[in-house]
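Asks: show me the folded form of this:
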Amino acid sequence: MPGLYLHIPFCKQACHYCNFHFSTTLRQKGAMIEAILKELELQQDYLGGEEIQSIYFGGGTPSLLEIKELEHIFEKINSLHRVAPDAEITLEANPDDLTHEKLRGLKNYTPVNRLSIGIQSFADEDLRWMNRAHSSNHARACLDDALTVGFHDLTIDLIYGSPTTPDEQWAENLRLAFEYDIPHLSCYCLTVEDSTALGTFVRLGQQPPVDEERSARQFEMLMELTWAKGYEHYEISNFAKPGRYARHNTNYWRSEPYLGVGPSAHSFDGVSRQWNVANNAQYINELSEGKIPFEREVLTAVQCYNEYVMTSLRTIWGTDLGKIRSMGDVFAQHFETEAKSFLESGVLEQVGQTFRLSRAGKLLADRISMELFA
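Replies: A predicted model of the protein is given here:
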């Protein structure tokens, strides 16, 4: 199920916690779109001519693109690739960009059929602390308008563990998501990255470090409340109503091939990974000369094993010992040996050849994966 990812590296302002590649000036937007169109041409054969099952506009803030700019990109994609009639086509968006007029344009003039909306919180105090560009009123208005216009395939992002988010507000954020009957939730624990404004604030003592007990408690609340509402916890940070999994992101977790275009975008063809330069000016300049500024790495057997363990163990499908054995008996022996203590402590469960994290184990997912690495 090949997928196509397009990185749109522009934002109105920098969220304090974000370490993705973006620029807060739109001066190069036109040149960037032309460079992305050129890269699409140059990378036409990367997926071997297979039919594309998902298209994902990420960033950055893709909802900053005008409808005509999106139409231009889709024209190029359709001229180069076969896109499945039922392809999942997702646009990441900020609530303040999703005016009623913008939503009608997306619905009527583009093939976008799924919106990923960066709500983060329904509380103004949280949003100000994160330096988000929208308010709680924007958040609710955009959801009302999206549903009215006819976008029912929605996912929203929410953040827990913030010092401004007590348990009561976290429960309220989830209650509102349930009230809107959002079919898919992506819920992320606040993390402090060194390269962000938040990282600087914490280092200087201007903000407290992440309260791990609060984060763990709110993650447990998340698991309990979503389960009670019929959501399936199909990946550590992702919850969906039955049959409403994100197809594009599921491809990542199941090691399907995908092509990424745009500055900082990654691609995977089954045997190697490549990533574009995270520099807008360099990306634009080199594409204007017909060159793609990227680095490539052919994965070793150890890297393939480690990546499979890391991604599969985070999902509802778990880690298949048979697949590991096909990578080499030495990996299977290592995995079984290292897994024993986790099985005994109850953070890992085994059914046949499949190993999955228990509910308690989901709190320790990263540590368990690292212990299982070769």
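Asks: ranges for the helices of the protein?
Replies: Listed in chain order, the helices of the chain (DSSP state H) span residues 29-42, 67-80, 100-109, 124-130, 136-149, 167-179, 197-203, 212-228, 247-253, 280-288, 301-312, 321-327, 329-345, 365-372.
Asks: tell me which residues are up against the helix or strand bottoming out on mean pLDDT in the chain.
Replies: Across the helices and strands of the chain, mean confidence by mean pLDDT, DSSP states H and E is lowest for helix 197-203: a mean of 73. Identification of contacts with helix 197-203 by C-beta atoms under 8 Å, 6 or more residues apart in numbering yields 14, 16-17, 131, 192-194, 207-209. Where you see a C-beta, it was placed from the backbone N, CA and C, and this is true even at glycine.
Asks: what's the most buried one of the helices of the chain?
Replies: Most buried of these, by mean neighbour count (mean count of other C-beta atoms under 10 Å): helix 247-253, with a mean of 20.
Asks: which residues touch it?
Replies: With C-beta under 8 Å, 6+ apart, helix 247-253 has contacts from 1-3, 5, 53-56, 88, 90, 234-235, 238, 258, 311-312, 314-315.
Asks: low pLDDT regions in this protein?
Replies: Low-confidence segments of the chain (pLDDT under 70): 22, 198-199.
Asks: what's the PyMOL line that selects buried ones from the contacts of helix 197-203?
Replies: To isolate the buried members of these in PyMOL, using 16 or more other C-beta atoms under 10 Å:
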select buried, resi 16+17+192+207
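Asks: which one of the contacts of helix 197-203 is nearest residue 320?
Replies: The shortest gap between residue 320 and any of the contacts of helix 197-203 belongs to residue 193, at 32.2 Å (C-beta to C-beta).
Asks: distance of the closest residue to the closest one other than its chain neighbours relative to residue 192?
Replies: In this structure, residue 193 finds its nearest non-sequential neighbour in residue 19, 4.1 Å apart by C-beta to C-beta, 6 or more residues apart in numbering. Distance, residue 19 to residue 192, using C-beta to C-beta, to the nearest Å: 10 Å.
Asks: what of residue 52?
Replies: Taken as C-beta to C-beta, the span from residue 52 to residue 192 is 36 Å.
Asks: longest strand in the protein, please.
Replies: Counting by DSSP state E, the longest strand found in the chain is strand 83-93.
Asks: list the buried residues for that one?
Replies: 83, 87-93.
Asks: which among those residues gets closest to residue 146?
Replies: When the buried residues of strand 83-93 are compared against residue 146 (criterion: C-beta to C-beta), the nearest one is residue 93, at 8.9 Å.
Asks: thought residue 61 was touching that closest one, still the case?
Replies: Yes - at 7.4 Å, residue 93 and residue 61 qualify as touching, with contact defined as C-beta atoms under 8 Å.
Asks: hey, what's in contact with both of these two?
Replies: With C-beta under 8 Å, 6+ apart as the test, residue 93 and residue 61 reach no residue in common.
Asks: just to revisit the earlier point, among the helices of the chain, which comes closest to residue 274?
Replies: helix 29-42 (11.8 Å).
Asks: about what we covered before: max pairwise distance over the buried residues of strand 83-93: which two?
Replies: Within these, 83 and 93 form the most distant pair, 20.7 Å apart (C-beta to C-beta).
Asks: domains of this structure?
Replies: Per automatic domain parsing, the structural domains of the chain span 3-253, 301-372.
Asks: turn the ones you listed into CSV, columns for distance to residue 278.
Replies: Converted to CSV, the domains of the chain look like this (distance: least, C-beta to C-beta, whole Å):
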stretch, distance to residue 278
domain 3-253, 4
domain 301-372, 21
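Asks: and for the nearest residue to residue 360 once chain neighbours are set aside, the neighbour number?
Replies: Spatial nearest neighbour of residue 360, excluding adjacent residues (C-beta to C-beta, 6+ apart): residue 347 at 5.3 Å. By the criterion of other C-beta atoms under 10 Å, residue 347 has 19 neighbours.
Asks: with residue 54 instead?
Replies: Neighbour count of residue 54, defined by other C-beta under 10 Å: 24.
Asks: phi, psi for residue 150 please.
Replies: When quoted as degrees, to the nearest 10, the phi and psi of residue 150 stand at phi 120, psi 10.
Asks: count of neighbours near it?
Replies: 12.
Asks: kindly report the same for the one 4 residues further on.
Replies: By other C-beta under 10 Å, the residues close to residue 154 number 20.
Asks: report the beta-bridge partners for it.
Replies: Assessed by DSSP bridges, residue 154 has beta-bridge partners residue 115.
Asks: could you do the one 5 residues further on as well?
Replies: Applying DSSP bridges to residue 159 gives these bridge partners: residue 188.
Asks: can I get the least confident helix or strand of the chain in CSV? Just the C-alpha atoms.
Replies: The C-alpha trace of helix 197-203 is given here as CSV (Å, rounded to 0.1, in the frame of the first residue of the first chain):
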residue,chain,number,x,y,z
ALA,A,197,11.8,27.3,22.8
LEU,A,198,10.4,25.0,25.5
GLY,A,199,13.8,23.3,25.7
THR,A,200,15.4,26.6,26.3
PHE,A,201,12.8,27.7,28.9
VAL,A,202,13.3,24.5,30.9
ARG,A,203,17.1,24.7,30.6
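Asks: separation between the residue most central in space within the chain and residue 315?
Replies: In the chain, the centroid-proximal residue (C-alpha atoms, centre = their mean) is residue 249; its distance is 6.6 Å. Computed as C-beta to C-beta, the residue 249 to residue 315 distance reads 10 Å.
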